[in-house]
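Peer 1: kindly return the folded structure for what I paste below:
(chains A and B)
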Number of protein chains: 2
Amino acid sequence: MTVKNAFYAQSGGVTSVINASACGVIETARQHRGKIGKVLAGRNGIIGALREDLIDTSKESAKAISALRHTPSGAFGSCRHKLQSIEENRAEYERLIDVFRAHNIGYFFYNGGGDSADTCLKVSQLSATLGYPVQAIHIPKTIDNDLPLTDNCPGFGSVAKYIAVSTREAALDVASMCETSTKVFILEAMGRHAGWIAAAGGLASEQEGDAPHIILFPEIAFNREKFLKRVQRCVKRYGYCVIVASEGAQYADGTFLADSGVRDAFGHAQLGGVAPSLAEMIKSEFGYKYHWAVADYLQRSARHIASSTDVEQAYAVGAAAVDMALAGKNAVMATIERGKGKRYRWSVGEADLNKIANVEKMMPRHFITRDGFNITEAAREYMAPLIAGEDYPPYKNGMPQYVRLKNVAVPRKLKKRFKI
Amino acid sequence: MTVKNAFYAQSGGVTSVINASACGVIETARQHRGKIGKVLAGRNGIIGALREDLIDTSKESAKAISALRHTPSGAFGSCRHKLQSIEENRAEYERLIDVFRAHNIGYFFYNGGGDSADTCLKVSQLSATLGYPVQAIHIPKTIDNDLPLTDNCPGFGSVAKYIAVSTREAALDVASMCETSTKVFILEAMGRHAGWIAAAGGLASEQEGDAPHIILFPEIAFNREKFLKRVQRCVKRYGYCVIVASEGAQYADGTFLADSGVRDAFGHAQLGGVAPSLAEMIKSEFGYKYHWAVADYLQRSARHIASSTDVEQAYAVGAAAVDMALAGKNAVMATIERGKGKRYRWSVGEADLNKIANVEKMMPRHFITRDGFNITEAAREYMAPLIAGEDYPPYKNGMPQYVRLKNVAVPRKLKKRFKI
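Peer 2: This is a model prediction of the structure:
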């Protein structure tokens, strides 16, 4: 039996710990050189495979690979490209097989979220559908925390920590100025479909009256009157009001708050998100001085404030994926399983990919307070361990030292080019 | 001679290290109990003095005061209230004297920026103008770094570190996705008049091609054509373009970019800042996919990523202010002096307050590249040491532990109330 190479790719929006999963894959594969060959990474995700644009990770030093553990974003590049079904685009699958065969690839590690799980599932079926033997293992990654069958998703813990810490810090700022200045502060968090990230802002509070005073979830229909009333009540009671709003916050009819319908002179939709829309709403109703922040990519790349639990889990699912491949598995995803008992414990499990692809896990209703404006104790208990622990990157001259890989291309073996 | 009490107040926009200065003042005063009485803090800044709303810091434990060193924002509250001249509002000064006399206050420590230096200067003249003996010492604080006669301002180093780190991290995110997704990312930084904070984004780059590719300063008139051309060149050359824009970026005629002139259905000015305006400009010209972030208060409260140089300097100017008071000084400000030589060294100096009040220090032109879009080596050499070193707050359950003072009010002694 010849030793097969592995293909690894990063997919979808990146996180501050996806490279920790890459580190787990590559370091574990290197420990099994007799059973698994090189790890070839797709440049810019799956399109690297389709274009036969592969990166030879064996050209990277052990030190460089180790540094992936503390380097945010996708070191090999990522993409948003969902494979269609084999009936719709057979050419793509045939191309994948050509590339896999040319490079002796027998293992397919795909590091992504829900859409990527779907792609990974399709690849796992190549043996059955097109007769090419390949084992496909999915490695979960998403700041959105919306994958089913895993207790949580690597990537979420760190963005949650960022939002919780930022909320606590900005709230102290507002509290100290509110007597004569800003009374309302709005932090817009990512999460177009599920409110997990905004919910994490709730971890900033320790006691009654603490910020955030209002959290807006996509799962709860936005009610302008109820919202404004609550803002006013907070300002009267506490002197200020801190709001964490999910970018996916929406009215009952599904219209996003961010889409205010305002057009500029050229007919373009008005710029900008939920936070400025809410600020304007509050200002026009009460005249309160406001400030708002949109963290955007800062939140999902903030490796400097990553959760050590998250980093460890991201690494562990990468390492476990290799173990699963070596154990002959296919069409599975590494999962995080939470132990029973009060003290948080976790281990890596596995789940069938066909139960994961295209399923979105929303915030359970009992994680949101009855009034719809905050998180419950159950949500806190679920989220708190995920942000636990600090895992600081190394610094030099005051700046975090993130690794820059050489990303040496594997020489092309196919004559045919592939357009995507 | 009876031992006089001290008054301490925080003024203007808060920073992540202004409480470190408070810590320096209080801890140093406590070391000289025979010469200086209690430190009474103004609740919400100078208006606490006018309202006779004083906080007795002697009620706080040594541990709590020590924790101020790692707690962001203003622990006693701050305000934006500039005293008018004694000719314009004599009543305010007479009230201050009434309060100072009632509470045996002989030392006035004022912790703020340019406007506050002006207030401090006026108080320093009370002995000459109204016959009340008080020594007024200014403690510099501003994220804007725009005070003259001090090499830098406590508060700037930490916000600079935040912007530099965030730029580096977000740039990695964009770089890893740009092949199929976002090509332009814009981070809006604070600094309405001076471009120091945006300039700090430049510290993110290490070599040619690194982000940020463009920095927009208030000091350089914005030229739409030149800017768009540069954006396009970056996208073509590097695959993406990262921009750090000062909120004060403006056209040659002084119009802020943030004021796009767009009005909503109610005639309100369009929401939101420079970043979304630039994004829309780029989108309508080239159609590039973009993302933008507005860090707002997050940047000036981010104690979790404070510069240890900044923390030490903030503490030192607070401590030095007390030493100056005990040495009989009046109408001075503690400054940071940079030593000569390649290795960064600093010490605390002093400057006359009348040379500081109402003077703004802009970015020198030679700190900005000739094309106006980036920082020079001279700027890097100036800023780099200010962000050096990490000074992490303590964490518990994944969250930074910031102190909540008791802030016990000093019993009022005056019958008269004062309206401000």
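Peer 1: show me the strands in chain A, by range?
Peer 2: With DSSP state E as the definition, chain A shows strands at residue ranges A:4-10, A:36-42, A:54-56, A:105-112, A:135-140, A:184-189, A:214-216, A:241-246, A:290-294, A:332-338, A:346-352, A:395-396, A:399-400.
Peer 1: of all those strands, which lies closest to chain B?
Peer 2: strand A:290-294 (3.8 Å; CB to the nearest CB). For the C-beta atoms, the positions are set from N, CA and C on the backbone; glycine is no exception.
Peer 1: okay, buried residues for the closest one please.
Peer 2: A:290, A:291, A:292, A:293, A:294 (16 or more other CB atoms under 10 Å in any protein chain shown).
Peer 1: touching chain B at all, stretch A:277-287?
Peer 2: Yes. Stretch A:277-287 is in contact with chain B by CB under 8 Å from any CB of the partner chain, via A:277, A:279, A:280, A:283, A:284.
Peer 1: filter these to the buried ones?
Peer 2: A:277, A:279, A:280.
Peer 1: tell me how far the closest residue to residue A:278 other than its chain neighbours lies from residue B:373.
Peer 2: With sequence-adjacent residues excluded and distances taken as CB to CB, 6 or more residues apart in numbering or on different chains, residue A:278 is closest to residue A:186, at 5.3 Å. Computed as CB to CB, to the nearest Å, the residue A:186 to residue B:373 distance reads 31 Å.
Peer 1: those two: who's more crowded?
Peer 2: More crowded of residue A:186 and residue B:373, by other CB atoms under 10 Å in any protein chain shown: residue A:186, with 28 against 19.
Peer 1: next up, the contacts around the more buried one.
Peer 2: Neighbouring residues of residue A:186 by CB atoms under 8 Å, 6 or more residues apart in numbering or on different chains: A:242, A:243, A:244, A:245, A:274, A:275, A:278, A:279, A:290, A:291, A:292, A:293.
Peer 1: check what pLDDT residue A:186 gets.
Peer 2: Looking at residue A:186, its pLDDT is 98.
Peer 1: mind picking out the helix or strand in chain A with the poorest mean pLDDT?
Peer 2: helix A:126-130 (a mean of 90; mean pLDDT, DSSP states H and E).
Peer 1: and it, what other elements does it pack with?
Peer 2: helix A:90-102 (3 or more CB pairs under 8 Å, 6 or more residues apart in numbering or on different chains; DSSP states H and E).
Peer 1: can I see the domain layout of chain A?
Peer 2: A:4-142+A:306-358+A:390-400, A:156-301 (automatic domain parsing).
Peer 1: run a quick neighbour tally on residue A:310.
Peer 2: Residue A:310 - counted by other CB under 10 Å - has 30 other residues nearby.
Peer 1: so is stretch A:105-120 next to chain B?
Peer 2: No. Applying CB under 8 Å from any CB, one finds stretch A:105-120 separated from chain B by no less than 12.1 Å.
Peer 1: distance between that stretch and the chain's centre?
Peer 2: 15 Å (CA atoms, centre = their mean, to the nearest Å).
Peer 1: that older thread, what is the nearest of the buried ones among the residues of stretch A:277-287 next to chain B to residue B:134?
Peer 2: The closest of these to residue B:134 turns out to be residue A:279 (CB to CB; 41.5 Å).
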